[in-house]
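Peer 1: Sequence and predicted structure are below.
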Amino acid sequence: MNDDLEAVLRQFTADVVGLYDDQLLAVVLYGSAASDEYVRGKSNINCLILLKEVTPQRLKKCSGHLRKWHDDGMATPLFVDPPYVDSSIDVFPIEFLDMKQRYRTLHGQDFLRALNVKPEHLRFQCEQELKGKMLKLRQMYLEGSTSEARLAALLTKSISSFMVFFRALLFLKQMPAPHSVNDILDGLSGLGLRVAAMGRVYDLKRKEAAPGNLEALDSLFAEYLGEIQATVEYVDTLQAG
């Protein structure tokens, strides 16, 4: 357990409880900070706050705390209320699934446990988002392909967002929920997909591998993009079925 993280979470929860009192239904930690993927100083601490009703006035109540929360490594929290959650599960199934797979209830109701993410909604968003992100990756490569620093940054910043969708793909295949990026890559490999370049990009993000020169990064990008494209094509076959 990370003692510094726990101290930040206790203070954050106390702040939120003090601000919202009986309007507060739940405070939830989600993402890497709720798993063994958390890296102090690098990973955001993401929290969701469930209120009985979200209004501009209630949002503004916490504005004076944002600077301190940010200084502590907290991302600006997400505010939702029950009607929003109930009407959004079919629109954002991947986001809710990602929360359900890595979260801790810090205060109040464990409302995520009861949420039902439907496979048909998940499959559609997975295909849509992967294709959109792949197009964006190509576009950003055009802008950064002549700089070692920009190309390395493009690779390392993109890997986490793709993992969210690959986690959803494994859920669709009824595979055990992965707890880490390495678990996700193992799962994709088990489906017959290539993941070697993704693994090297993840090592680069974790600073367990040196970036290398521009030629090496360019070669890595080409292999990485090929693996992502193959995964998108695999999702297409699920959609067709």
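Peer 2: Sure thing, it's come through.
Peer 1: pretty sure Pro112 is touching Lys100, no?
Peer 2: Pro isn't right for residue 112; it's Leu. Yes. In this structure Leu112 lies within contact range of Lys100 using Cβ atoms under 8 Å: 5.1 Å. All C-beta spots, glycine's among them, are computed from the backbone N, C-alpha and C.
Peer 1: where along the chain do the helices fall?
Peer 2: Assigned by DSSP state H, the chain shows helices spanning 3-20, 56-60, 66-71, 82-88, 93-101, 119-144, 148-172, 181-190, 196-205, 214-240.
Peer 1: And the longest one, what's buried?
Peer 2: Right, helix 214-240. Of the residues in helix 214-240, 217, 220-221, 224-225, 227-228, 231-232, 234-235 count as buried by neighbour count, 16 or more other Cβ atoms under 10 Å.
Peer 1: what's the angle from it to helix 148-172?
Peer 2: Between the direction of helix 214-240 and that of helix 148-172, the angle (axes from the mean of the first three to the mean of the last three Cα atoms, to 10 degrees) works out to 20 degrees.
Peer 1: For Leu29, which residues are in contact?
Peer 2: With contacts defined as Cβ atoms under 8 Å, 6 or more residues apart in numbering, the neighbours of Leu29 are 9, 45-47, 103-104, 106.
Peer 1: Who wins on neighbours among these?
Peer 2: By neighbour count, taken as other Cβ atoms under 10 Å, the most surrounded of the contacts of Leu29 turns out to be Cys47 (25 neighbours).
Peer 1: So what's the residue count around the closest residue to that one other than its chain neighbours?
Peer 2: Of all residues not flanking Cys47 in the chain, Pro77 sits nearest, at 4.6 Å (Cβ to Cβ, 6 or more residues apart in numbering). Neighbours of Pro77 under the rule other Cβ under 10 Å: 20.
Peer 1: Next up, the contacts around Pro77.
Peer 2: With contacts defined as Cβ under 8 Å, 6+ apart, the neighbours of Pro77 are 16, 46-49, 62, 69.
Peer 1: any idea how the protein splits into domains?
Peer 2: 3-114, 119-240 (automatic domain parsing).
Peer 1: Give me the distance between the two termini of the shortest one.
Peer 2: With Cα to Cα, to the nearest Å as the measure, domain 3-114 spans 30 Å from end to end.
Peer 1: and that domain, average pLDDT?
Peer 2: Predicted confidence along domain 3-114 averages 92 (mean pLDDT).
Peer 1: again with stretch 196-215
Peer 2: Mean pLDDT, computed over stretch 196-215, is 88.
Peer 1: Export it to CSV, keeping only CA atoms.
Peer 2: Coordinates of the C-alpha atoms in stretch 196-215 are reproduced here as CSV (Å, rounded to 0.1, in the frame of the first residue of the first chain):
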residue,chain,number,x,y,z
ALA,A,196,5.6,-7.4,-29.1
ALA,A,197,5.7,-3.7,-30.2
MET,A,198,3.0,-2.7,-27.7
GLY,A,199,5.1,-4.3,-25.0
ARG,A,200,8.2,-2.3,-26.1
VAL,A,201,6.2,0.9,-26.1
TYR,A,202,4.9,0.1,-22.6
ASP,A,203,8.5,-0.5,-21.4
LEU,A,204,9.4,2.9,-22.9
LYS,A,205,6.6,4.5,-21.0
ARG,A,206,7.7,2.9,-17.8
LYS,A,207,11.3,4.0,-18.6
GLU,A,208,12.4,0.4,-18.6
ALA,A,209,13.8,0.8,-22.1
ALA,A,210,15.7,3.6,-23.8
PRO,A,211,14.0,5.4,-26.6
GLY,A,212,16.8,4.9,-29.2
ASN,A,213,17.4,7.0,-32.2
LEU,A,214,14.9,8.3,-34.7
GLU,A,215,15.3,5.3,-37.0
